[in-house]
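Peer 1: Provided below are the primary sequence and the corresponding predicted coordinates.
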Amino acid sequence: MFEKIFKLKQNKTSVKTEIAAGITTFMTMAYILAVNPSILSSAGMDPTAVMLATCIASFIGCICMGLMANLPFALSAGMGINAFMAYTVVIGYGYTWQTALLAVLIEGIIFIILSLTNVREAIFDSIPLSLKHGVSVGLGIFIAFIGLQNAGIVVGSSNLISITSFRTDFNTSGICAVLAVIGTLLTAVLYIKNVKGSILVGIIGTWVLGIICQLTGLYVPAPEAKFFSLIPSFSMTDFSRLGETLGQCFSVDFDSVGIFNFIIVIFSFLFVDIFDTLGTLIGVATKADMLDEKGRLPGIRPALLSDAIATTAGAVLGTSTTTTFVESAAGVGAGGRTGLTAVVTGILFLISTLLSPLFTAIPSFATAPALIFVGFLMFTTITKIRFTDDTFTETVPAYLCMIGIPLFYSISEGIALGIISYVVINLICGKAKKINPIMYVLAVLFILKYIFL
């Protein structure tokens, strides 16, 4: 059955590999079950309801991605865009969270319409292969940076960021950073020695080391500082709380909503979501060698439609924009090549509605090694970029894109920098013929975004 649905042999994979990859992807994404309710609750939303909505929307998105597109990409509530909804749209602009959900719903419907046409697919295909390689490298640096932050190895300082002091607060942040370093080395050694499921083993192994440290007193939970017990608790979820957010996007009082500003909010969600999704698809698919010789991704239309359906469903359920996660790269790094990986991840999201305390107990320092090492795997795509004098009109935009993604802490902003610079550089250097007409449109839209949004 699995072979018929997912074409495992054609994609040179197996059920065992795909299941391990799905579990790996989920474990690197499980933090969203704790983080998303925390962020959206600041906007007045019920945290348990948000958690349930996030799980169910993630399940819907992953199942759609797996069965419709047969791709190993997982979806959940997007980081960054959830903060935009809570802190900018609700707290900053003064909209209710119900109105913000309505904006997400409309954005999702627009995406469904665009995904049924050739628009989003044409945008993907118009981006030059050199930029796609740049996106993959940039994503690698980005997720490694996220991993370093999650582990507490990288911290804020007077120089913006610096390495943590391992001796300060050793029994909390210090030991977590040490364990992340050990976990990264463990993951690397296992991968080099071709151990099956090395990334997943690295996550579990690092978590187990953390539990041992807690039992021996090396790690001391400090909930007030957000250092919680590493030993999972077992309790059931109150499903009735979902009613606090379910369908609330339809209860908006339009008389209190400024139409012009509301349209701006919709387009803000639209821009961030479309290019975050495209960037993730480009980066992860490039690393997995899923792009054809022209840099196109077979099955991209159902992938984009899956993303749009998940966003729409998530808005109705009560969560922020649901999008393709860059952590999908962890599953790809573990060998995932088909939609079975996404389906396994989706099922785990559904199961987590029952035992969310178990999954939210996975500490960020345990998943950090997976992100750091997968960042390395994606960074190796840089060897596909030709750095010679006659290719500088291709490689300079790719370089700007790859540094823009981590430095701006945004996939869409990095892509914007890459697209604008590609058009400008090639236009000035007399190579306008090589520029796809859609790239001109994208460059102008990004410039207008910076002016008006």
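Peer 2: Arrived safely.
Peer 1: CA atoms for contacts and neighbours, from now on please.
Peer 2: Will do.
Peer 1: residue contacts, Lys12?
Peer 2: Arg337 (Cα atoms under 8 Å, 6 or more residues apart in numbering).
Peer 1: against Ala315, how distant is it?
Peer 2: Relative to Ala315, Lys12 is positioned 37 Å away (Cα to Cα, to the nearest Å).
Peer 1: compute the number of surrounding residues for Met79.
Peer 2: Other residues near Met79 come to 18 when the count uses other Cα atoms under 10 Å.
Peer 1: repeat for the one 3 residues further on
Peer 2: Neighbour count of Asn82, defined by other Cα under 10 Å: 22.
Peer 1: how about Ile263?
Peer 2: Neighbours of Ile263 (other Cα under 10 Å): 13.
Peer 1: go on, Val15?
Peer 2: 17.
Peer 1: one more: Gly44?
Peer 2: For Gly44, the count of nearby residues is 14 (other Cα under 10 Å).
Peer 1: spit out the contact partners of the nearest residue to it once chain neighbours are set aside.
Peer 2: Counting by Cα to Cα, 6 or more residues apart in numbering, Trp97 is the residue found nearest to Gly44 once chain neighbours are left out, at 7.2 Å. Contacts for Trp97 (Cα under 8 Å, 6+ apart) come out as 43-45, 86, 90.
Peer 1: max pairwise distance over those residues: which two?
Peer 2: Largest separation among the contacts of Trp97 by Cα to Cα: Met45 and Val90, giving 10.8 Å.
Peer 1: tell me the SS of Val220?
Peer 2: Following DSSP: H, G, I helix; E, B strand; the rest coil, we place Val220 in the coil state.
Peer 1: so what's it up against?
Peer 2: Here Val220 is in contact with 171-172, 214, 229 (Cα under 8 Å, 6+ apart).
Peer 1: could I get the phi/psi values of it?
Peer 2: phi -120, psi 110 (degrees, to the nearest 10).
Peer 1: next one: Tyr422
Peer 2: Phi and psi for Tyr422, reported as degrees, to the nearest 10, are phi -60, psi -50.
Peer 1: do Val155 as well
Peer 2: Residue torsions, per degrees, to the nearest 10, at Val155 are phi -130, psi 160.
Peer 1: that one touches Ser165, doesn't it?
Peer 2: No: at 9.1 Å, Val155 does not count as touching Ser165 under the criterion of Cα atoms under 8 Å.
Peer 1: now Ala49: how far from Ser38?
Peer 2: Ala49 is 11 Å from Ser38, by Cα to Cα.
Peer 1: neighbour count: these two, which is higher?
Peer 2: Per other Cα under 10 Å, whichever of Ala49 and Ser38 has more neighbours is Ala49, with 25 against 17.
Peer 1: which element follows the helix or strand containing that one toward the C-terminus?
Peer 2: Assigned by DSSP states H and E, Ala49 falls within helix 47-64. Once helix 47-64 ends, the next helix or strand along the chain (criterion: DSSP H and E) is strand 75-77.
Peer 1: tell me the mean pLDDT over that next one?
Peer 2: In this model, strand 75-77 has an average pLDDT of 93.
Peer 1: ditto for stretch 266-283
Peer 2: Regarding stretch 266-283, the rounded mean pLDDT is 82.
Peer 1: contacts for that stretch, please.
Peer 2: 73, 81, 103-104, 106-107, 124, 132-133, 135-137, 139, 304, 307, 321, 323-326, 378, 410-412, 415, 453.
Peer 1: keep only those of the residues you listed that are in strands.
Peer 2: Residues of the contacts of stretch 266-283 located in strands (DSSP state E): 323-324.
Peer 1: can you say which of the contacts of stretch 266-283 are buried?
Peer 2: Neighbour-count burial (16 or more other Cα atoms under 10 Å) applied to the contacts of stretch 266-283 gives 73, 81, 103-104, 106-107, 124, 132-133, 135-137, 139, 304, 307, 321, 323-326, 378, 410-412, 415.
Peer 1: tell me the contacts of the nearest residue to Tyr409 once chain neighbours are set aside?
Peer 2: With Cα to Cα, 6+ apart as the criterion, Tyr409 has its nearest non-adjacent residue at 7.2 Å, and that residue is Phe142. Going by Cα under 8 Å, 6+ apart, Phe142 touches 375, 405-406, 409.
Peer 1: how about the residues you listed in TSV, adding pLDDT?
Peer 2: As requested, the contacts of Phe142 are exported to TSV (pLDDT from 0 to 100):
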residue	pLDDT
Gly375	87
Ile405	90
Pro406	90
Tyr409	84
